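# I'd like to go over a predicted model; first the sequence, then the structure.
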Amino acid sequence: MCSCKYVIVATVVSLQHPENTRKRMLSLSYCYSCGFILKNGSCYSSCWLNASSQIHAENKRESRPAEGKFGGRLSIVNVVYFGFSLVFGRLEMAASTEAPEPWYLALLGFAEHFRTSSPPKIRLCVHCLQAVFQFKPPPRVEARTHLQLGSVLYRHTKNSELAQTHLEKAWFISQQISQFDDVKFEAASILSEFYCQQNLVDSAKPVLRKAIQISQQTPYWHCRLLFQLAQLHALEKDLVSACDLLGVGAEYARVMGSEYTRVLFLLSKGMLLLMERKLSEVHPLLTLCGTIVENWQGNPIQKESLRVFFLVLHVTHYLDAGQVKSVKPCLKQLQQCIQTISTLHDDEILPTNPAALFHWLPKEHMCVLVYLVTVMHSMQAGYLEKAQKYTDKALMQLEKLKMLDNSPILSMFQVILLEHIIMCRLVTGHKATALQEISQVCQLCQQSPRLFTNHAAQLHTLLGLYCISVNCMDNAEAQFTAALQMTTHQELWTFIVTNLASVYIREGNRHQELYSLLERINPDHNFPVSSHCLRAAAFYIRGLLSFFQGRYNEAKRFLRETLKMSNAEDLNRLTACSLVLLGHIFFVLGNHRESNNMVVPAMQLASKIPDMSVQLWSSALLKDLNKACGNTMDAHEAAQMHQNFSQQLLQDHIAACSLPEHNLISWTDGLPPVQLQPQNGPTTSLASLL
């Protein structure tokens, strides 16, 4: 199951201008009735406070002492001059060669004070910014204030209509002002982001296109807006348009003399080409990127971050192709690279080239990403204890990061990690834990419509795998069918079809549907994907079907092909499954010696993974094999192992089926249910585990 998502991430480095730290104390008061500034006893919102009871009530609600008729007096000793705009986390005044008006400083000071209060007083911050318009400010101040208001409302409130109004005004007014690039392009960027959040993508595109058209003399903003529009197209699955824009960005960065940003554009384009399976274009592009990165002499952290991006693409490409053994040298390089980055101190010196003011991911996010691809590799290779170890590390790091930054990419990392560890738990015989983690994925997806859209198919696939593990075959079929309707990803589609075929084989009476599926995943002819792992699994499914049909020679041919492919790439679980099934075939044919040669290594490998189902199967076969050979002691030992595995699986089976989350197996449409009723007890048997 390939649930790895390629993502364009271009996080903007905060611009740091020297700040004038001169402070002023202004003698203005704050109207607590309506939230506007009082000057010389007049409220600029025309609010007159005549009732002292109202003053005291408002002061009590704000936890401030009443000071006279006009409410609490607020000292703004901490009002400072600021240098840029709200996107970098604070309210800042417009840069100007002339000294700003005292009232403007005061209002910004009040607004910033309320915004940074604990907890933030966003309503009062908004009132202070709105008061700026009462002074009929010049166009520059008006546009910047609209931008700040729109940003605050968008980031911190649900008043989307008012946020849209202010952002649109900021974009419109700023276009009429020359040499006002920061506000102009910031307004375009945030307005487009807002439109996308409101599912108004067709409104976002013209804004970004216009901003890109007029920003060619502003390298930083031109590159940033190109990244933003490319990401918008990528989210819409219009990868051709996204690649075109990234190509334009790479050429622009080259002309501007920023090899660093050029590589960011090229690697982002390479990522999308990998998604499109245009391997003939990917390989020369990645080769070019590798050469540029190795020869580039620049900031060590920037260089190492480019290497991480470059290596992540290589590793995910190998894993997507199911080449678990081939990827090991590249994965080792990636792990060494992230260790190097973790020892480097963040360099406060910013690049002098404005086109280079970007970085791919924060250092902490890169660490989580490397953990994630390591988990993906460990799961495919069958090193499930290692997968658990790195999942725990990654989830712990994610929890710390999400306390400081609730970025959508962190939730995406969390979901992908959970998807992989859920599959590991189903293999290791921890179904109850897996089910609770499936429920956790549901909760994360409920919080983000985009996350649910991107992971709904994977979620139903996981539920289908869980249903197989508890022998709910009808529910498994329903879950896999739902998943197939939700995905266009070829690797995931092939994974689902392979597992659905195993359901039909176990049911034994779905011949027409089964043969229809097998024609679509024929490993000998026109296999739909290039994945080595999935093709090996398709051979195994063919062997399993032939075994159940009693066509043992045909089954052996398919299973030997599976063994050949799985050994070539260290696919340990497929190797164990193939060995035990071959051992079963030889036992049925009466070739006990050959059966033993298959089952013993299968048992050893299954114990190493560990794979509870294969261990149960192998121990049952060893018991019968030793009994047939007259090895009483060995037969007794195998019988005891089989009993222990059976008890562990039975207890886990009962625990899982008794959880309220077990009802998720009935969910096949729409958003996952919010509340789940507890089960009275298990409704399935363990018969299918043998």
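Received, thanks.
# Pull the number of nearby residues for residue 554.
15 (other CB atoms under 10 Å). Every C-beta, even on glycine, is put in place using the N, C-alpha and C of the backbone.
# dump the residue contacts of residue 261.
Going by CB atoms under 8 Å, 6 or more residues apart in numbering, residue 261 touches 223, 249, 253, 355-356, 358.
# Quick check: the gap between residue 417 and residue 660.
According to CB to CB, to the nearest Å, residue 417 and residue 660 sit 24 Å apart.
# hmm, I was thinking of residue 414
22 Å.
# The nearest residue to residue 629 once chain neighbours are set aside: how many residues sit nearby?
Leaving aside its chain neighbours, residue 629 sits nearest to residue 592 (5.6 Å; criterion: CB to CB, 6 or more residues apart in numbering). Residues near residue 592, counting by other CB under 10 Å, number 16.
# just residue 171 next, same as before
Residue 171 has 26 neighbours, counted by other CB under 10 Å.
# Quick check, it in contact with residue 188.
Yes - contact criterion CB atoms under 8 Å: residue 171 and residue 188 qualify, at 5.7 Å.
# circling back to that earlier point, and residue 414 and residue 660? Which one has more around it.
The neighbour comparison of residue 414 against residue 660 (other CB under 10 Å) goes to residue 414, with 22 against 14.
# what sits against the more buried one?
395, 398, 402, 444.
# who are the neighbours in contact with the residue nearest to residue 629?
Residue 592 makes contact with 586, 625, 628-629, according to CB under 8 Å, 6+ apart.
# Please repeat the previous calculation with a cut-off of 7 Å.
If you count contacts by CB atoms under 7 Å, 6 or more residues apart in numbering, residue 592 has them with 625, 628-629.
# now do residue 207
Contacts of residue 207 were listed using CB under 7 Å, 6+ apart, and they are 171, 188, 191-192.
# TSV for these, including secondary structure and distance to residue 577?
Converted to TSV, the contacts of residue 207 look like this (DSSP: H, G, I helix; E, B strand; the rest coil; distance: CB to CB, whole Å):
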residue	secondary structure	distance to residue 577
171	helix	59
188	helix	55
191	helix	54
192	helix	50
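# Between those, which sits nearest residue 651?
residue 192 (53.9 Å; CB to CB).
# Now that closest one: closest residue in space, sequence neighbours ignored.
residue 204 (4.1 Å).
# what number of residues lie near the one you found?
22.
# State the three-state secondary structure for it.
Here residue 204 is helix, with the state taken from DSSP: H, G, I helix; E, B strand; the rest coil.
# Name all residues that make contact with it.
192, 195-196, 232.
# Hmm, which of the residues you listed is lowest in pLDDT?
Taking the contacts of residue 204 together, the minimum pLDDT is found at residue 196 (90).
# Mind telling me what element it is part of?
helix 181-197 (DSSP states H and E).
# contacts for that helix?
Outside helix 181-197, the residues that reach it (CB under 7 Å, 6+ apart) are 84-85, 87, 143-144, 147, 150-151, 154, 163-164, 167-168, 170-171, 174-175, 201, 203-204, 207-208, 211, 215, 218, 221, 224-225, 228, 232.
# again, but for stretch 364-374
Contacts of stretch 364-374 (CB under 7 Å, 6+ apart): 305, 308, 312, 315-316, 331, 334-335, 338, 341-342, 361, 390, 393-394, 397-398, 401, 409, 413, 416-417.
# quick one: buried residues of it?
364-374 (16 or more other CB atoms under 10 Å).
# Where does pLDDT dip in this protein?
The model of the chain has pLDDT under 70 over residues 1-100, 346-349, 675-690.
# which residues in the chain form strands?
With DSSP state E as the criterion, the chain has strands at 11-12, 29-30, 37-39, 42-43, 358-359.
# So the residue nearest to residue 192 versus residue 275, what's the distance?
Using CB to CB, residue 204 is found at 22 Å from residue 275.
# Same check on residue 255?
Applying CB to CB to residue 255 and residue 275 gives a distance of 27 Å.
# Repeat that for residue 119.
Residue 119 is 42 Å from residue 275, by CB to CB.
# higher neighbour count, those two?
Higher neighbour count among residue 119 and residue 275: residue 275, with 18 against 5, using other CB under 10 Å.
# Does the more buried one touch residue 237 like I think?
No - using CB atoms under 7 Å, residue 275 is not in contact with residue 237; the gap is 9.1 Å.
# thinking again about what came up before, restricted to buried residues, select the contacts of helix 181-197 in ChimeraX.
Per 16+ other CB under 10 Å, the buried members of the contacts of helix 181-197 correspond to this ChimeraX selection:
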select :84,85,87,143,144,147,150,151,154,163,164,167,168,170,171,174,203,204,207,208,211,215,218,221,224,225,228,232
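# Pick out the residue closest to the middle of this protein.
residue 412 (1.9 Å; CA atoms, centre = their mean).
# pretty sure residue 451 is touching residue 413, no?
No - at 11.1 Å, residue 451 does not count as touching residue 413 under the criterion of CB under 7 Å.
# if you count what's nearby, which of those two comes out ahead?
residue 413 (24 against 18).
# Distance check, the nearest residue in space to that one that is not next to it in sequence against residue 181.
Closest residue to residue 413 apart from its sequence neighbours, by CB to CB, 6+ apart: residue 368 at 5.3 Å. With distances taken as CB to CB, residue 368 is found 34 Å from residue 181.
# Then residue 382?
From residue 382 to residue 181 the distance is 54 Å (CB to CB).
# ok, these two, which is more surrounded?
Using other CB under 10 Å as the criterion, residue 382 and residue 181 rank with residue 382 on top: 25 against 16.
# Quick check: phi and psi on the more buried one?
Here is the backbone geometry of residue 382 (degrees, to the nearest 10): phi 90, psi 20.
# Pull the contacting residues for it.
Per CB under 7 Å, 6+ apart, neighbours of residue 382: 571-573, 609.
# Give me the buried subset of the residues you listed.
571-573, 609.
# Counting by contacts, list what the lengthiest helix in the chain packs against.
For the chain, the longest helix by residue count, based on DSSP state H, is helix 632-658. Applying 3 or more CB pairs under 7 Å, 6 or more residues apart in numbering; DSSP states H and E, one finds that helix 632-658 contacts helix 431-446, helix 612-628.
# Can you tell me how far the residue nearest to residue 322 when sequence neighbours are not counted is from residue 562?
With sequence-adjacent residues excluded and distances taken as CB to CB, 6+ apart, residue 322 is closest to residue 533, at 2.7 Å. Distance, residue 533 to residue 562, by CB to CB: 11 Å.
# The two: which is more packed in?
Between residue 533 and residue 562, residue 562 has the larger neighbour count (other CB under 10 Å), namely 29 against 26.
# show me what contacts that one?
Contacts of residue 562 (CB under 7 Å, 6+ apart): 536, 539-540, 543, 574, 578.
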